[in-house]
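Asker: Here you go, sequence then predicted model.
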Amino acid sequence: MSKKLYYFNINGLAESIRYILHYGGHDFEDIRYDRSKWPIQSVIDTLPYGQVPLYEENGKKLNQSLAIARYVASQSGLLPSGLWEQAVLDAAVHNIYDFWNKNNIREYMYADAERKAAMKKQVLEELVPFYFSRFENELKSNNGHFGGKLTWADFIFVGIIETANLFYSENIENNYPTVASLVKTVQNLPRVKEYISKRGPYGI
Ligand SMILES: N[C@@H](CCC(=O)N[C@@H](CS)C(=O)NCC(=O)O)C(=O)O
């Protein structure tokens, strides 16, 4: 079976998918475009909605990072069998994405120093306390995972936290220990750990 994941040469919305594919022992091509050369029209023309990540399996194409992650997670034993439990995890990943989308990373990347400082302050003082106190509670009452044991939502969470890391690294460790512990658990899964050691430091 041929499997390909297309994205930029950054973590972004693809890293959780890469983690899941590595965790599940999938043989896949990790195709990365140089973001500084984007837009590459010849590539964009091959993308159903002009965006990455795109996953291709035996020539069939799937876009939308969460649809891709959920699909490869289901092939990797990371989805519960109960419909209610699946829906609870779907809600968890959307909560995580809501947090991420409110970071306004695109604006942050191009902002001047003053605007950057203001945005960072807002993230640290408002967004992180609101979301992370809830993430911490959800994890604490579910055995340290989203869903009581290792699930695809855990991978989404760690990928997004790493991607957002520039805003608040120490803050998590000190104030949200169950969150910090889940990050380490996922990063230390043997195949994920091996991939990270080859990948090197992450970039947004
Ligand atoms: N909702 C989509 C968003 C995809 C998206 O925003 N992709 C960005 C990279 S993170 C992209 O392709 N940007 C280049 C462009 O739009 O030209 C998903 O979750 O996959």
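Answerer: It's in.
Asker: my guess is residue 9 contacts residue 35, does it?
Answerer: Yes. With contact defined as C-beta atoms under 8 Å, residue 9 reaches residue 35; the gap is 6.4 Å. C-beta here means a position set from N, CA and C on the backbone, and glycine is covered the same way.
Asker: list the contacts for the most centrally placed residue in the chain?
Answerer: Nearest to the geometric centre of the chain sits residue 159, at 3.0 Å (C-alpha atoms, centre = their mean). Residue 159 makes contacts with 11, 13, 15, 16, 17, 19, as judged by C-beta atoms under 8 Å, 6 or more residues apart in numbering.
Asker: Cross-check those residues against the ligand and keep the overlap.
Answerer: residue 13 (C-beta under 6 Å from any ligand atom).
Asker: Check which residues of stretch 151-171 are buried.
Answerer: Buried residues in stretch 151-171, counted by 16 or more other C-beta atoms under 10 Å: 151-164, 167-168.
Asker: of all these, which comes closest to residue 90?
Answerer: Using C-beta to C-beta, residue 153 comes nearest to residue 90 of these, at 8.4 Å.
Asker: Next up, phi/psi of the closest one, please.
Answerer: phi -60, psi -30 (degrees, to the nearest 10).
Asker: Give me the average confidence score over the longest helix along the chain.
Answerer: When the chain is parsed with DSSP state H, its longest helix is helix 83-101. Helix 83-101 shows a mean pLDDT of 97.
Asker: which strands and helices sit next to it?
Answerer: Judged by 3 or more C-beta pairs under 8 Å, 6 or more residues apart in numbering; DSSP states H and E, helix 83-101 is in contact with helix 65-74, helix 128-140, helix 152-163.
Asker: For the shortest one, give the mean pLDDT please.
Answerer: For helix 65-74, the per-residue pLDDT values average out at 98.
Asker: likewise stretch 8-18?
Answerer: Averaging pLDDT along stretch 8-18 yields 94.
Asker: Considering the buried residues of stretch 151-171, which is situated nearest to the ligand?
Answerer: Closest approach to the ligand among the buried residues of stretch 151-171 (C-beta to the nearest ligand atom): residue 163, at 9.4 Å.
Asker: mind checking how far residue 50 is from residue 12?
Answerer: Residue 50 sits 16 Å away from residue 12, going by C-beta to C-beta, to the nearest Å.
Asker: With neighbour numbers in mind, choose between these two.
Answerer: Shown here are residue 50 and residue 12; by other C-beta atoms under 10 Å, residue 12 has more neighbours (21 against 12).
Asker: Ignoring the adjacent residues along the chain, who's closest to the more buried one?
Answerer: Leaving aside its chain neighbours, residue 12 sits nearest to residue 163 (6.0 Å; criterion: C-beta to C-beta, 6 or more residues apart in numbering).
Asker: swap in residue 143?
Answerer: For residue 143, ignoring the flanking residues on the chain, the nearest one in space by C-beta to C-beta, 6+ apart is residue 149 at 6.7 Å.
Asker: Doesn't the one you found lie inside a strand?
Answerer: No. Read with DSSP: H, G, I helix; E, B strand; the rest coil, residue 149 is coil and lies in no strand.
Asker: before we move on, back to that, could you confirm whether the longest helix of the chain reaches the ligand?
Answerer: No. Interface with the ligand: helix 83-101 contributes nothing (C-beta under 6 Å from any ligand atom), its closest point being 7.5 Å away.
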